[in-house]
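Peer 1: below is the sequence, then the predicted model.
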Amino acid sequence: MPYLLAAPLIVFMLAFYALPVVAMLMRSVSDPVWTVANYAALPDDAVFLKTFANTFYTSLIVTVASLLLGYPVALALVRAPRWAPLILVLIMLPFWTSVLVRSYAWMVLLGRHGILNEALMAAGLLERPMRILNTPLATQIAMSHILLPYMILPIANALRQIDPSLLRAASGLGSPPWRTFLQVTLPLSMPGVAAGVLLVFVLALGFYITPAMVGGPREITISMLIAQRVDQLDWAYAATLSAVLLATALVLIGAFYRLPGVGNAFRMNAR
Amino acid sequence: MSATRVLPATVVGLILLFLAFPIVVVIVVSFSSATYLTFPPPAFGLKWYEAYFSSADWLRPTWLSLWVAAAVVVLSTLLGTLAALGIARLPRAARIVVAGLVLSPLIVPGIVVAIGIYYAFSRYGLVGSPPGLIAAHTCLAVPFVVTSVSASLAGIDPRLEQAALSLGATPRGTFFQVTLPLIRPGVLVGALFAFITSFDELIVALFISGSGAVTLPRRMWDDLRFQIDPTIAAVSTLTIVLTVVLMAAAHLLRKRAEAQVTRMAKT
């Protein structure tokens, strides 16, 4: 009976999702004959190495930026109950907006005649508009903006679970607030930090729409390289890169999933 | 207020501004009367909404996206709810395998899913057709239904079902009169998520919508390659309003369901 209930979905997902992805990935080892040559060629492939390095670098910058920007907001969300509803609305409004619309918003803000340039020139800080749109910086800003809620929510969750009596005990024993933060709050919030870091980093690795819209033409990501090769009908190469991207994501998740708090956050914030 | 309170508040305020400002700008620009993008707008008007509502090139993809999303809601809610009921009763090993398959679209990078589907659907003859989009979007939406319904199921006291059965209810009657009403909020939340997942989906649509099934996000993407006129700001604002309303509804529903579970646990 339980199998019968799950069967329709299993068949549907195998037919329209799992088998298609597996069949595509198989092209990396079966094109034109059975071989691992496509993988063996990657370490000498300059385009792949540059793109892979750029994708990792971008993800790293975005993760660090999200952590630095996200932690204070998470702390405010938990410690300032009076403001929590407003803060939550300001986090969720962009979170619930599609990635396409948010990337478009950054085009409007960062463009040559965009709001940022116009404002800086009006203030006399710039003489000529600076080029931000279609640079790596634009990708980093927009991706940090898009992924920030994925950092804030797990950290806030971890902070919420800290027993307030621990904080009272620390200050009662004469610890100044900064020391209570460093020695009590920060260590106890680490499960949330780990979850947020993993979530943001893994999601950033696979980004396609945002770098394609606001990023530089030369600093492409793995996802963009895959899409280019599919356009050229180079399925073997696209499949090889897809397998590498997928394996990287799975290895990272597998390595950190067992950390306390990570598995939970992944299920909760998967959207 | 002392400096030790003002400084952190200012920092958090600036970060929140960074979060919300881009969305606010899009909404404000959409009401601009200017023929080009400027901020703040010289005057306000509904020009760009008129441009959108009078253009078949925009309305056709909008309708397509809406009815594709509606079909995805029906399919994914049905398949996902049944599967969640099954998964909860599977032996542990089988449960891990099935849940792994069903939830994997949340983890597999979007581009990998998209080109895999494109690769197979071009052989199935499903590229450029709404049924292809519906099938693909259902696979992407179903994890949200399964997680949401599973969470509701986990919150049900098993004694309620046992009580119904021992009082002579048929398994069918127990399901429709006990289980289903209890998981209804979870099903509804899953359905709302499914709608938004399909309505906002772009990467798969880029590859398989062809010229015969252009969705709204795909139409916006195509338009952005040539220009960033304020019509897109108007379309964006409309989609922001739609998704925020639906997500807020899902959020409230989930809160209410959680409160109900805690109340049940207490009594």
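Peer 2: In hand now; what should we look at? Numbers count the residues shown, from 1 in each chain, chains lettered A, B, ... in the order given.
Peer 1: which strands and helices sit next to the longest helix seen in chain B?
Peer 2: The longest helix of chain B (DSSP state H) is helix B:230-266. The contact analysis (3 or more Cβ pairs under 8 Å, 6 or more residues apart in numbering or on different chains; DSSP states H and E) places helix B:230-266 against helix A:84-95, helix A:99-110, helix B:3-30, helix B:47-53, helix B:180-200, helix B:216-224. Where you see a C-beta, it was placed from the backbone N, CA and C, and this is true even at glycine.
Peer 1: and those helices: which comes nearest residue A:215?
Peer 2: helix A:99-110 (9.7 Å; Cβ to Cβ).
Peer 1: do that closest one and chain B come into contact?
Peer 2: Yes: with Cβ under 8 Å from any Cβ of the partner chain as the criterion, chain B is reached by helix A:99-110 at A:99-102, A:104-109.
Peer 1: of the helices and strands packed on helix B:230-266, which is nearest residue A:233?
Peer 2: Comparing the helices and strands packed on helix B:230-266 under Cβ to Cβ, the one sitting nearest is helix B:216-224, at 20.7 Å.
Peer 1: now do the closest one: distance to the chain's middle.
Peer 2: Mean-position distance between helix B:216-224 and its chain equals 18 Å (Cα atoms, centre = their mean, to the nearest Å).
Peer 1: between helix A:99-110 and it, find me the angle.
Peer 2: 30 degrees (axes from the mean of the first three to the mean of the last three Cα atoms, to 10 degrees).
Peer 1: quick one: list the elements packing against helix B:216-224.
Peer 2: Looks like helix B:216-224 contacts helix A:99-110, helix B:56-89, helix B:203-208, helix B:230-266 (3+ Cβ pairs under 8 Å, 6+ apart).
Peer 1: a markdown table for those, including mean pLDDT?
Peer 2: Listed next are the helices and strands packed on helix B:216-224 as a markdown table, based on pLDDT from 0 to 100:
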| stretch | mean pLDDT |
| --- | --- |
| helix A:99-110 | 93 |
| helix B:56-89 | 96 |
| helix B:203-208 | 97 |
| helix B:230-266 | 84 |
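Peer 1: point out where the chain drops to low pLDDT.
Peer 2: By default, I'm working from chain A. A:259-271 (pLDDT under 70).
Peer 1: nope, chain B
Peer 2: B:1-4, B:228, B:261-267.
Peer 1: tell me the centre residue of it?
Peer 2: Per Cα atoms, centre = their mean, the C-alpha nearest to the average position across chain B is that of residue B:196, at 2.6 Å.
Peer 1: who's in contact with the nearest residue to it once chain neighbours are set aside?
Peer 2: Closest residue in space to residue B:196, ignoring its immediate chain neighbours: residue B:243 at 5.3 Å, by Cβ to Cβ, 6 or more residues apart in numbering or on different chains. By Cβ atoms under 8 Å, 6 or more residues apart in numbering or on different chains, the residues touching residue B:243 are A:96-98, B:196, B:199-200.
Peer 1: give me the neighbour count for the nearest residue to residue A:241 once chain neighbours are set aside.
Peer 2: The spatially closest residue to residue A:241, leaving aside those adjacent along the chain, is residue A:226, at 4.9 Å (Cβ to Cβ, 6+ apart). Residues within reach of residue A:226, counting by other Cβ atoms under 10 Å in any protein chain shown, total 28.
Peer 1: same check, this time on the one 4 residues further on
Peer 2: Residue A:230: 22 surrounding residues under other Cβ under 10 Å.
Peer 1: quick one: what helix or strand has it in it?
Peer 2: Remark: residue A:230 resides in helix A:222-231, with elements defined by DSSP states H and E.
Peer 1: residues touching stretch B:168-179, excluding its own?
Peer 2: So stretch B:168-179 is in contact with B:85, B:153, B:156, B:160-161, B:164-165, going by Cβ under 8 Å, 6+ apart.
Peer 1: mind running it again at 6 Å?
Peer 2: The contact list for stretch B:168-179 (Cβ atoms under 6 Å, 6 or more residues apart in numbering or on different chains) reads B:160-161, B:164-165.
Peer 1: what residues does the stretch 151-271 of chain A have near chain B?
Peer 2: Counting by Cβ under 6 Å from any Cβ of the partner chain, the stretch 151-271 of chain A comes close to chain B at A:206, A:208-209, A:223, A:226, A:230, A:242, A:245-246, A:270.
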